[in-house]
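K.L.:
Give me a model of this one.
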Amino acid sequence: MGLSDTKTSSAGGIRGTLSDYFDLDEHGTTVATEILAGVTTFLTMSYIVVVNPSILAANPAQNLPGIAVPGYSYGQVVSMIAVVTIISAAVATLVMALYANRPFAQAPGLGLNAFFAFTVVGALGIPWQTALAAVVVEGIVFIALTALGAREYVIDLFPEPVKFAVGTGIGLFLAIIGLQAMGIVVAHPETLVTLGPVASDPVAVLSVFGLFLTFGLYARGVRGSIILGILATTALGYLVTWGGAVSPDAGLTGAAGSATYDIRPLAGAFLAGLADVEAFTFALVVFTFFFVDFFDTAGTITGVGQVAGFLDEDGNLPDVDKPLMADAIGTTVGGMLGTSTVTTYIESASGVEEGGRTGLTALTVAALFLASLVLVPLATAIPLYASHIALVVIGVVMLQNVVDIAWQDITYAVPAGLTILVMPFTFSIAYGIAAGIVSYPIVKLAAGELDDVRAGHWVLAAAFVLYFFVRTSGVLQAAV
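P.N.:
Next up is the predicted model:
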C-alpha cells in the first residue's frame, strides 16, 4: 500500500466514523455537506464574537454600563469577553453536536446581553458579578426543568401573545441601542430623541454608509454579510483617519493593541455575586433571563427544525429536551466564565438550508469558534459604531415576528402591543414582558373570555404589579 493509498484509507476511515456517529446516512446527508453547512452557519453568526464584548464591556468614553474590571483597560475587558464568548459558544455548540445531534449553533444571545448591561447593571445598578450569578442560576433552573420534562408546563404558564411579541420587542430594543451608538439617534431635551448629525458627524456618516452596505449584502444573500459589513466599515474608518481626512479623536478607530487572553478576572466572578443578592430584584432578573432564553430557544429550535423537516405531524420537535439541555448547559458554563445567557441562533437556518441535518454541522461550528481565538485582538480594534451595525440589522430582521400575532383579536393586540412598545421606550426587556403579562388577564376579563385565563396568569400579573409599584415608588432604591 502506497502513501496515497494510506491517506485515502485514513480519510475514508474518518468519514466512516463521522458518518456512523452522527447517523449521516439515516439523515440523507454527507460529511462534505455537513462541513459546508457548518462553515455557512459560522459565517452568518460570527459577528457575535465582536458584538457581544462591545455590549457587555463598560465603556467609560461612551458612558455605557457593563462589565468593568479594576486595573484593566476597556480594550482588555473587551478581549476577555471575546475569549469567553468564543469558549461558551464552542462548549454549548459542542454539547448540541455530541449530545443532541442537531445542526443548531449556540452563542451568547443578542438582546439578553443588552438586558444584562443596560437594564441589570445600568438601570438597576446591580453589580456585574451579581448579574453573572443570575445567569448561572437561570441556567441551573433551565437544566432542572429540562431534566424533569417540565417544558410544557412552563410554556403554558405564559400568555401566548406575549411569547409571540417578545422577539419583535427585543428587535426594537436592539435597533435603538445600535442607532444611538452609531450617532444616528441622539438625545433631545424636548422630544427625548431625534435624528443625529448624519451629514456632519464622521461617526454618523460612516455608520449610515456601513449600515446600508450591510443591508445590501444581507439582501443579496451574501454569507457572513453582517461580519463583512462590520469589517468593511471598520477598515474605512481606519483609512480615513490614517489618511488625515478626519481627526484621530473623531472616534472612527478602536482600541487596537490592548488584547489579553487572561480571563481569570471574569471566570468564577459569579461566586462573588452570589454574596451580594437582594432577593426580590435578583429573582426578577433570573426570571427575565429564563423567560427570554427559554422561549427564544424553543422558538428558534422549532423554526429551524421546520426548515430541516424535523417536526412531527403535530409541529413538535422529537427529543426537544436534548437541544434544550444543550442550551441550558451553555448558559450555565457561559455565566461561570463571564458572559450573558447563551441561546440557540436563528442563523442556524442558513446551515440547514445548505443541507446540514446532524450534529456534524454543529461540531464544525464549534471547531471554527475555537479557531477564531486567534482573532481576539480584532475584537478590540473594532469601534463601537461599527460593531453595533449588527444590532440594527438583526433588530430589523426580528421585526418579522410581528406577523405571528393575531392583531385582529383585541385580547391579543393589547398585551402584544404593550410588550413591544414598552421594551424600547423603557430600555428594558423585563418591563416589556411584565407589561404584557399584567395586561393579558385584565383584557381577557373585560372581554368575557375568562376560559383562556389560568390561575398562573393572575399570579404572574399580581407579582408584576407589585414589582412595578415597589420599583417605581423608590422602595428598592436603597437596596439596589
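
K.L.:
neighbours of Val465, just the number please.
P.N.:
For Val465, the neighbour count with other CB atoms under 10 Å is 14. Glycine gets a C-beta too; all of them are placed from N, C-alpha and C.

K.L.:
in what helix or strand does it lie?
P.N.:
Counting by DSSP states H and E, the element that carries Val465 is helix 455-473.

K.L.:
What of Thr194?
P.N.:
Using DSSP H and E, Thr194 sits within strand 192-195.

K.L.:
list the contacts for Ile126?
P.N.:
120, 281-282, 285, 480 (CB atoms under 8 Å, 6 or more residues apart in numbering).

K.L.:
What separation do you get for it and Thr426?
P.N.:
Counting by CB to CB, to the nearest Å, the gap from Ile126 to Thr426 is 17 Å.

K.L.:
go on, Gly309?
P.N.:
For Gly309, the distance to Thr426 equals 40 Å [CB to CB].

K.L.:
more crowded one of these two?
P.N.:
Between Gly309 and Thr426, counting by other CB under 10 Å, Thr426 is the more crowded of the two (16 against 10).

K.L.:
If you drop the residues flanking it in sequence, what lies closest to that one?
P.N.:
Leaving aside its chain neighbours, Thr426 sits nearest to Gly432 (7.2 Å; criterion: CB to CB, 6 or more residues apart in numbering).

K.L.:
wait, that neighbour sits on Met423?
P.N.:
Yes: between Gly432 and Met423 there is a contact under CB atoms under 8 Å: 3.3 Å.

K.L.:
and for the two, which residues touch both?
P.N.:
169, 173.

K.L.:
So what does Ser73 have for phi and psi?
P.N.:
Dihedral angles of Ser73 (phi, psi; degrees, to the nearest 10) stand at phi -70, psi 170.

K.L.:
Measure how buried it is and give me the count.
P.N.:
So Ser73, with other CB under 10 Å, has 14 neighbours.

K.L.:
where do the strands sit along the stretch 201-350 of the chain?
P.N.:
342-344 (DSSP state E, counting those that start in this stretch).

K.L.:
What are the boundaries of the helices in it?
P.N.:
Using DSSP state H, counting those that start in this stretch, the helices of the stretch 201-350 of the chain run over 202-219, 225-242, 269-274, 279-308, 321-337, 348-353.

K.L.:
can those helices go into JSON lines with extra columns for mean pLDDT and mean neighbour count?
P.N.:
Formatted as JSON lines, the helices of the stretch 201-350 of the chain follow (pLDDT from 0 to 100; neighbours: other CB atoms under 10 Å):
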{"stretch": "helix 202-219", "mean pLDDT": "94", "mean neighbour count": "19"}
{"stretch": "helix 225-242", "mean pLDDT": "92", "mean neighbour count": "20"}
{"stretch": "helix 269-274", "mean pLDDT": "91", "mean neighbour count": "18"}
{"stretch": "helix 279-308", "mean pLDDT": "80", "mean neighbour count": "21"}
{"stretch": "helix 321-337", "mean pLDDT": "93", "mean neighbour count": "25"}
{"stretch": "helix 348-353", "mean pLDDT": "86", "mean neighbour count": "25"}
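
K.L.:
Can you check which of those helices gets nearest to Ile143?
P.N.:
Across the helices of the stretch 201-350 of the chain, Ile143 has its closest neighbour in helix 321-337 (4.3 Å, CB to CB).

K.L.:
just checking, Leu445 touches Val453?
P.N.:
Yes: using CB under 8 Å, Leu445 is in contact with Val453, at 7.1 Å.

K.L.:
With neighbour numbers in mind, choose between those two.
P.N.:
Set side by side, Leu445 and Val453 show more neighbours around Val453, with 18 against 13, by other CB under 10 Å.

K.L.:
pLDDT at Val475, what is it?
P.N.:
Listed pLDDT for Val475 reads 53.

K.L.:
What distance do you get for the closest residue in space to Val95 that isn't next to it in sequence to Ala58?
P.N.:
In space, and not counting its chain neighbours, Val95 is closest to Ala326: 4.2 Å by CB to CB, 6+ apart. As judged by CB to CB, Ala326 and Ala58 stand 30 Å apart.

K.L.:
Tally up the residues packed near Ala187, please.
P.N.:
Number of residues near Ala187 (other CB under 10 Å) recorded here: 10.

K.L.:
wait, what's in contact with Pro265?
P.N.:
69, 72, 80.

K.L.:
next one: phi and psi at the residue nearest to the second one when sequence neighbours are not counted?
P.N.:
Nearest non-adjacent residue to Tyr72, counting by CB to CB, 6+ apart: Pro265, 6.6 Å away. Main-chain dihedrals, Pro265, degrees, to the nearest 10: phi -60, psi -20.

K.L.:
Return the distance of Pro265 relative to Val77.
P.N.:
In this view, Pro265 and Val77 are 8 Å apart by CB to CB.

K.L.:
Need the overlap of contacts for these two.
P.N.:
Contact with both Pro265 and Val77 is made by residues Val69, according to CB under 8 Å, 6+ apart.

K.L.:
Describe which strands the strand holding Thr194 pairs with in its sheet and in which direction.
P.N.:
Sheet pairing for strand 192-195, assigned by DSSP bridges, gives strand 185-188 (antiparallel).

K.L.:
mean confidence for the partner strand?
P.N.:
What strand 185-188 shows for mean pLDDT is 90.

K.L.:
likewise stretch 417-429?
P.N.:
Mean per-residue pLDDT for stretch 417-429: 88.

K.L.:
which parts of that stretch are buried?
P.N.:
Of all the residues in stretch 417-429, those buried under the rule 16 or more other CB atoms under 10 Å are 417-424, 426-429.

K.L.:
Could you do stretch 60-74 as well?
P.N.:
64-67, 69, 72, 74.

K.L.:
about what we covered before: nearest approach to Tyr385 belongs to which of the helices of the stretch 201-350 of the chain?
P.N.:
Nearest to Tyr385, of these and by CB to CB, is helix 202-219 at 4.8 Å.

K.L.:
what does the closest one rub up against?
P.N.:
182-184, 196-199, 225-226, 228-230, 232-233, 236-237, 240, 246, 250-252, 385-386, 389-390, 392-393, 396-397.

K.L.:
7 Å - rerun?
P.N.:
Under the criterion CB atoms under 7 Å, 6 or more residues apart in numbering, residues 182-184, 196-199, 225-226, 228-229, 232-233, 236-237, 246, 250-252, 385-386, 389, 392-393 lie in contact with helix 202-219.

K.L.:
on that earlier part again, tabulate the contacts of Pro265 (a markdown table), appending secondary structure, distance to Ile410 and pLDDT.
P.N.:
Listed next are the contacts of Pro265 as a markdown table, based on DSSP: H, G, I helix; E, B strand; the rest coil; distance: CB to CB, whole Å; pLDDT from 0 to 100:
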| residue | secondary structure | distance to Ile410 | pLDDT |
| --- | --- | --- | --- |
| Val69 | coil | 49 | 93 |
| Tyr72 | coil | 52 | 91 |
| Met80 | helix | 48 | 95 |
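
K.L.:
Mind picking the one among these that's closest to Ser88?
P.N.:
Nearest member of the contacts of Pro265 to Ser88, counting by CB to CB, is Met80, at 12.4 Å.

K.L.:
I am finished for the moment; much appreciated.
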